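S.K.: Based on what follows, work out the 3D shape:
(2 chains, ligands or ions: 1)
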Amino acid sequence: MNARQEILARIRRAVAGAPEVEIPRGYRTHVTLEDPVGRFAERVGDYRAVVHVVPAAEVPGRLAELVAGRRMAAPEGLPWLEAVRGAAAELILDGPGLSVAELDRVDGVVTGCAVAVAETGTIVLDERQGRRALTLVPDYHLCVVQAAQIVASVPEALARLTPTSPLTWVSGPSATSDIELDRVEGVHGPRTLEVVISA
Amino acid sequence: MSATFLGMPGNLSKNTDFPKNAAKAVQNSQLRFNLRKATHTIRGKRAAVVSELPDWQDLRAAGRAIKDHTLRHLDRYLLQLEEAVTARGGHVHWARDAAEANRIVTDLVKATGEREVVKVKSMATQEIGLNEHLAAHGITAYETDLAELIVQLGHDFPSHILVPAIHRNRAEIREIFLREMPGAPEGLTDEPRALAEAARLHLRERFLKAKVAVSGANFMIAETGTMVVLESEGNGRMCLSLPETLISVVGIEKLLPAWHDLEVFLQLLPRSSTGERMNPYTSMWTGSVEGQDFHLVLLDNGRTRVLADEVGRQALRCIRCSACLNVCPVYERAGGHAYGSVYPGPIGAILTPQLRGMGSELDASLPYASSLCGACYEVCPVAIDIPQVLVDLRAKAPHGLAERAGMRAAWWLFAREGRLAAAQRLAARLRRLIPRRLPGPLGAWTDTRDVPDIPRQSFRDWWKESGS
Ligand code: SF4
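M.R.: Next comes the predicted model:
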């Protein structure tokens, strides 16, 4: 017997006659919040991320202010890319030719998101936000969240996502509590997370 | 710490047991202080974020049932997972035991021609002693989690599931860095921020150049073939997304049937573990993504033996959150090293003897490393009844070994003033679980005494009479 057959046979022997299990799903799969944008902003802020709530029309202007003079990277296809290009010192677009070494030289990255979770202050990035290295190597991550992308709870977020796309759930900047459980922001991921909510 | 690595399985020192290890730890006041501070801090954080969710008990009940259901049909779900991972370009390997898993990983690394791998913290690879095995084949494994780095540079062993260097304070960590970390800044202070920055610089080049990474996973989804890793620092993202080859070693019990089952576990785990609403980073990937070569090594190594035990199999529900460690009065005094395995605390006390068997004095003594106060069960997000399993294991421990180990554990727990309350809780708990006679070595004790009444003086007298 090869390892696969043997492990499967061991499992079948082990569970023979074990009872079936019903799964009670009494937990909340939908949560109604009075002010999802406000809750999301507050919870992201709890992780010591910088948060801006801005009317949709003002988003390009705010982004331009934030990236002014910085060398930035971004995925292709973002609606307000021209505003960023105009203000940033440099703008590199993600693509197969973009190496990790080049990414290491930019100051920051600007992306959108796939979905955001109000209760936990989480942003989820999918492949439309570029390859995973894009939002990892630069030290500053600027993320634009549309109000319509904000859901209240984790179950609602999962329902909106496509598992086959690589996903990164981001809740605040990189952090560690490994030294005496003191939370320190910024170890290996971006040390600064700035979120612009388009309301 | 002795030079013997008490990893699994095999290379155990025969001359140690939980009470001996624990007694040593209790004498180390720095260790006790570090542990107490850390476990109490995290306990408070957990309680606060758990109380925010009105449906916590519903999530807990669902988490428990999803795991039990998966274990009941583990064969079917593993095959479904294999199919899904393979369909998306990943490679699936099966390992009956530690030796087989180590061989598979070593061969995969050798095939890339690389001599170095970066690692994300993974209990499964510690359990099988992968780093040591790779080293014997000329391959260096670099731990990248800050706490694991502290442990590795300090030639030390992990002592907590979530915070493996919980037994070290900032001054000790600074000394380890200055002594062992090439290029550590000269003026390094013991500020956590400065220490984290030193680790960032130390590992940055390594991450950007790494060609091969080894990880574990917190969850695997049978339906989609998706792997899920929760972390805080970003070292996980570095290892999972930058290298050309990724090898994940995962215990077969880490499976969940469906994508939407994550809605339960992504709420249970972060709140129970770091006491945050969500951990900073969670990575999910399915098969081979972004051109990466992905290998999944499915590990048995004793898990199917645990699965065969009707009472003990609930230990396989464990999602390694470490909440049970943080509330355990025995762990708080004894420290993680006393448990002699990568799984410390209450979960280690039930998992290690089952995975390794109870052939050594250490493993036979582990089911006694508890006052059965039940705090671990209360906080466990998948409702593992740890006291129930402990009592069951005590009955199953080989008589002679357990006799000695159990007596010594009983002494260690109860001989000191502060532990009397624990003894009384033990009595109450035991009365509920086993009305008349205690199993194993404590049976002799209950033969002459009523279980619920343990007068302090007579216990000590009894101990003196029994000799040490
Ligand atoms: S036994 Fe329960 S509380 Fe302990 S680590 Fe496992 S899941 Fe967490």
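S.K.: What are the boundaries of the strands in chain A?
M.R.: A:50-54, A:71-74, A:90-93, A:108-111, A:115-117, A:122-125, A:140-146, A:150-151, A:167-170, A:175-176, A:184-185, A:192-198 (DSSP state E).
S.K.: Please render the ones you listed as TSV that adds mean pLDDT and mean neighbour count to the earlier fields.
M.R.: Placement of C-beta: from N, CA and C, glycine included. Output for the strands of chain A, formatted as TSV (pLDDT from 0 to 100; neighbours: other CB atoms under 10 Å in any protein chain shown):
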stretch	mean pLDDT	mean neighbour count
strand A:50-54	97	17
strand A:71-74	97	22
strand A:90-93	95	16
strand A:108-111	98	24
strand A:115-117	98	26
strand A:122-125	98	27
strand A:140-146	97	22
strand A:150-151	98	24
strand A:167-170	98	26
strand A:175-176	88	27
strand A:184-185	84	20
strand A:192-198	97	22
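S.K.: Let me have the ones you listed in TSV, extended by distance to the ligand.
M.R.: Formatted as TSV, the entries for the strands of chain A read as follows, by distance: least, CB to the nearest ligand atom, whole Å:
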stretch	distance to the ligand
strand A:50-54	32
strand A:71-74	39
strand A:90-93	43
strand A:108-111	34
strand A:115-117	23
strand A:122-125	22
strand A:140-146	31
strand A:150-151	27
strand A:167-170	20
strand A:175-176	20
strand A:184-185	24
strand A:192-198	28
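S.K.: Reformat these as TSV; add distance to chain B.
M.R.: Below are the strands of chain A laid out as TSV (distance: least, CB to the nearest CB, whole Å):
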stretch	distance to chain B
strand A:50-54	15
strand A:71-74	15
strand A:90-93	16
strand A:108-111	13
strand A:115-117	8
strand A:122-125	5
strand A:140-146	11
strand A:150-151	12
strand A:167-170	4
strand A:175-176	5
strand A:184-185	5
strand A:192-198	9
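S.K.: Could I get the ones you listed in TSV, plus columns for distance to residue B:246?
M.R.: Formatted as TSV, the entries for the strands of chain A read as follows, by distance: least, CB to CB, whole Å:
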stretch	distance to residue B:246
strand A:50-54	32
strand A:71-74	23
strand A:90-93	25
strand A:108-111	22
strand A:115-117	25
strand A:122-125	19
strand A:140-146	23
strand A:150-151	30
strand A:167-170	15
strand A:175-176	22
strand A:184-185	27
strand A:192-198	25
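S.K.: neighbours around whichever residue of chain A sits closest to chain B, how many?
M.R.: Checking chain A residue by residue against chain B with CB to the nearest CB singles out residue A:189 as nearest, at 2.7 Å. Here the count is done by other CB atoms under 10 Å in any protein chain shown, and residue A:189 has 30 residues near it.
S.K.: any weak-confidence spans in chain B?
M.R.: B:1-16, B:23-27, B:399-468 (pLDDT under 70).
S.K.: longest helix of it?
M.R.: helix B:29-51 (DSSP state H).
S.K.: helices and strands around whatever helix or strand comes next after that one, which ones?
M.R.: Next in sequence after helix B:29-51, counting helices and strands by DSSP states H and E, comes helix B:56-72. Contact partners of helix B:56-72 among helices and strands, from 3 or more CB pairs under 8 Å, 6 or more residues apart in numbering or on different chains; DSSP states H and E: strand B:255-256, helix B:262-273.
S.K.: now check the helix or strand following the last one, is it near chain A?
M.R.: In the C-terminal direction, the helix or strand that comes right after helix B:262-273 (DSSP H and E) is strand B:281-286. Yes. With CB under 8 Å from any CB of the partner chain as the threshold, strand B:281-286 lies in contact with chain A, specifically through B:281-286.
S.K.: among those residues, which ones are buried?
M.R.: Among the residues of strand B:281-286 next to chain A, those buried by neighbour count (16 or more other CB atoms under 10 Å in any protein chain shown) are B:281-286.
S.K.: Including distance to residue A:24, could these go into TSV?
M.R.: As requested, these are arranged in TSV below (distance: CB to CB, whole Å):
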residue	distance to residue A:24
B:281	31
B:282	25
B:283	30
B:284	26
B:285	30
B:286	28
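S.K.: hang on, residue A:186 packs against residue A:141?
M.R.: No. Checked against CB atoms under 8 Å, the pair residue A:186 and residue A:141 is beyond contact range at 11.4 Å.
S.K.: and the nearest residue to residue B:240 once chain neighbours are set aside, what are its bridge partners?
M.R.: On the basis of CB to CB, 6 or more residues apart in numbering or on different chains, the spatially nearest residue to residue B:240 that is not a chain neighbour turns out to be residue B:283, at 5.1 Å. Beta-bridge partners for residue B:283, by DSSP bridges, are residue A:168, residue B:229.
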